[in-house]
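A.B. asks: can't give you the sequence, but here's the structure:
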């Protein structure tokens, strides 16, 4: 594929959704490069992200649009959007308020695999989920 | 989820594969933090990655195990493996030989969205794919 072919189409025509109408979005801190999470977008959430410049996803568990931070306040301001060669994965570069992870860590990738195939915590706890989302009874 | 619950299971018991038996793997340069690509793993490719410490994926298009770099020579040495809160996304921190992208760029995310929703090239061409994979007639 030549550079010209690569750039012929607009971004919205380049995105390829899967059979469920979703595309994965990798979320990275725009300054440090730390990978914070991966979530899924449908066309509507992508349009909302472009419009608001705040990350908006499709919640597969709740089957609804999910403006990141709507419950926790931990919004993601979107600085840049990149797309991969196949058009089927998006990369968001964001500034993350608080922590990205619902467990309370800065990143959802807070567990690292050890040589033994056990895991260890490799990230910082930013908040207590009970305080943010309410304690589950 | 408490820290203890988080670490009770081994890594291999924590990974959750989708209905196709696959889990997405985000691939990041272990030194610069640059996101290079996303690919999919099945259980076998994950075991091979752990054993060889070289990234191995499941090629959805070719429906076969894919040791990254087997055609191009652009292998990925795996330094760290992280897993997300839900256990359904993996993050590989690698050192990438040459370019990660089959188009010839260092990263598959070589196109950035502009304000106009056109795209621009934002990465470096590392090789000519015709030289590496052979020219398609």
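C.D. replies: That came in fine, so what should we check first? What you see is a predicted model, and the numbers here were worked out from it, not measured in a lab. Residues are numbered from 1 along each chain as shown, chains lettered A, B, ... in the order given.
A.B. asks: Residue of chain A closest to chain B, please.
C.D. replies: residue A:33 (2.5 Å; C-beta to the nearest C-beta). C-beta coordinates here come from the backbone N, C-alpha and C atoms, glycine included.
A.B. asks: OK, contacts around that residue?
C.D. replies: For residue A:33, the contact set (C-beta atoms under 8 Å, 6 or more residues apart in numbering or on different chains) comprises B:28, B:32-35.
A.B. asks: Which members of the residues you listed are positioned in strands?
C.D. replies: In strands, defined here by DSSP state E, the members of the contacts of residue A:33 are B:28, B:35.
A.B. asks: Closest to residue B:68 out of the contacts of residue A:33?
C.D. replies: Nearest to residue B:68 among the contacts of residue A:33 is residue B:28, at 13.7 Å by C-beta to C-beta.
A.B. asks: Number of residues surrounding residue A:8?
C.D. replies: 13 (other C-beta atoms under 10 Å in any protein chain shown).
A.B. asks: oh sorry, the question was meant for residue A:99
C.D. replies: With other C-beta under 10 Å as criterion, residue A:99 counts 24.
A.B. asks: Show me which helix runs longest in chain A.
C.D. replies: When chain A is scanned for its longest helix (criterion: DSSP state H), the result is helix A:43-52.
A.B. asks: Any buried residues in that helix, and which?
C.D. replies: Going by neighbour count (16 or more other C-beta atoms under 10 Å in any protein chain shown), the buried part of helix A:43-52 is A:45-46, A:48-50.
A.B. asks: That helix packs against which elements?
C.D. replies: Counting contacts by 3 or more C-beta pairs under 8 Å, 6 or more residues apart in numbering or on different chains; DSSP states H and E, helix A:43-52 is packed against strand A:56-59, strand A:64-67, strand A:76-83.
A.B. asks: starting at the chain centroid, how far to stretch A:83-90?
C.D. replies: 14 Å (C-alpha atoms, centre = their mean, to the nearest Å).
A.B. asks: Ends of it, what's the gap?
C.D. replies: 5 Å (C-alpha to C-alpha, to the nearest Å).
A.B. asks: is that stretch up against chain B anywhere?
C.D. replies: Yes: for a cut-off given as C-beta under 8 Å from any C-beta of the partner chain, stretch A:83-90 has contacts with chain B, namely A:83-86, A:89.
A.B. asks: can you tell me how far the closest residue in space to residue A:86 that isn't next to it in sequence sits from residue A:85?
C.D. replies: Computed as C-beta to C-beta, 6 or more residues apart in numbering or on different chains, the closest residue to residue A:86 that is not its neighbour in sequence is residue A:16, at 6.9 Å. Plainly put, residue A:16 is 11 Å away from residue A:85 if you go by C-beta to C-beta, to the nearest Å.
A.B. asks: The two - which one has more neighbours?
C.D. replies: More neighbours surround residue A:85 than the other of residue A:16 and residue A:85, with 20 against 12 (other C-beta under 10 Å).
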